[in-house]
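[1] Here's a sequence, model it:
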Amino acid sequence: MEIKTSTKFVAELIGTFGLVLFGCGAAAVAGLDTVAGLSGVGLLGIALAFGLSVVVFAYGIGGITGCHINPAVTVGMLVNGKISVSDAITYIVAQLIGALLGAFVLQQILSGQLAGFTPGEWAYGANGWGEGYQNEYGTGAAFLTESVLTFLFLFVIFGATSKWGNSTMAGLAIGLTLVLIHLVAIPITGTSVNPARSFGPAILAGGAALSQLWLFFAAPIVGAIVAAIVWRLLEKKE
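    Numbers count the residues shown, from 1 in each chain. Below is the predicted model:
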């Protein structure tokens, strides 16, 4: 049965909205701080929030769109010939809007603190690098991290959803891969591997987060394209 373009659009929008609200929300609301005597979720908790978001939406909207909720995934699928150009454009527009809406809701939640809320330089779980951000890694390390980890993420996606993979376990494998990626990259860039996830918070945070947004588009897309090319070569050898 043919799925309407509008249905695909809404599915990707809601999925990306949820990813940003759950993942960036875990970082910005619970985070690494101690508030009112409650310990923050920490690095592992944030990693799980992003990874589990992918798992739940993979089973929620996977049958509609494949649950990309990530422009890098969509670009990789396009390069690999898995989706049409029109679908790719639909997905990416939906993902960017969904991410912005997720970041906006998070902004409204944070601004509701009775003691007042002043957003920092990289607010709302925004990605970044350099002086003042996390462990202060340089541009080269940030680009390498994001491109290589996106390559591995897409490689797992291609493998798990291929004829060689186990389709019933694909969502879990992909989500757990994202958990592992976050465990490595949170101290470096806050972990993107997803231009939409970076887009929403950066637009609202402005400042350094917005000026550094280019890397979180460029590096994941490079990694995704390389992964798509490598996977196509593997499929041709079959």
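
[2] which stretches of this protein form strands?
    34-35, 38-39 (DSSP state E).

[3] Go through these and find the least confident stretch.
    Within the strands of the chain, confidence is poorest for strand 34-35, with a mean of 40 (mean pLDDT).

[4] ok, T191 - contacts?
    T191 makes contact with 47, 50, 127, 149, 181-182, 185, according to CB atoms under 8 Å, 6 or more residues apart in numbering. Using the backbone N, CA and C atoms, a C-beta is placed for each residue, glycine as well.

[5] isn't Q107 right up against G200?
    No - if you go by CB atoms under 8 Å, Q107 and G200 don't touch, sitting 9.5 Å apart.

[6] which residues are common contacts for the two?
    Common neighbours of Q107 and G200, using CB under 8 Å, 6+ apart, are Y124.

[7] Looking at those two, which one has more neighbours?
    G200 (31 against 19; other CB atoms under 10 Å).

[8] Return the residues in contact with that one.
    Contact analysis of G200 by CB under 8 Å, 6+ apart lists 20, 24, 96, 98-104, 124.

[9] Neighbour-wise, which one of those residues leads?
    Highest neighbour count within these: V20, with 32 neighbours (other CB under 10 Å).

[10] My guess is it contacts A103. True?
    Yes - taking CB under 8 Å as the definition, V20 is a contact partner of A103 at 5.7 Å.

[11] Low-confidence ranges, this structure, go.
    31-40, 237-238 (pLDDT under 70).

[12] Now do the helices in it.
    5-25, 42-65, 71-79, 85-110, 139-160, 170-189, 195-205, 207-211, 213-236 (DSSP state H).
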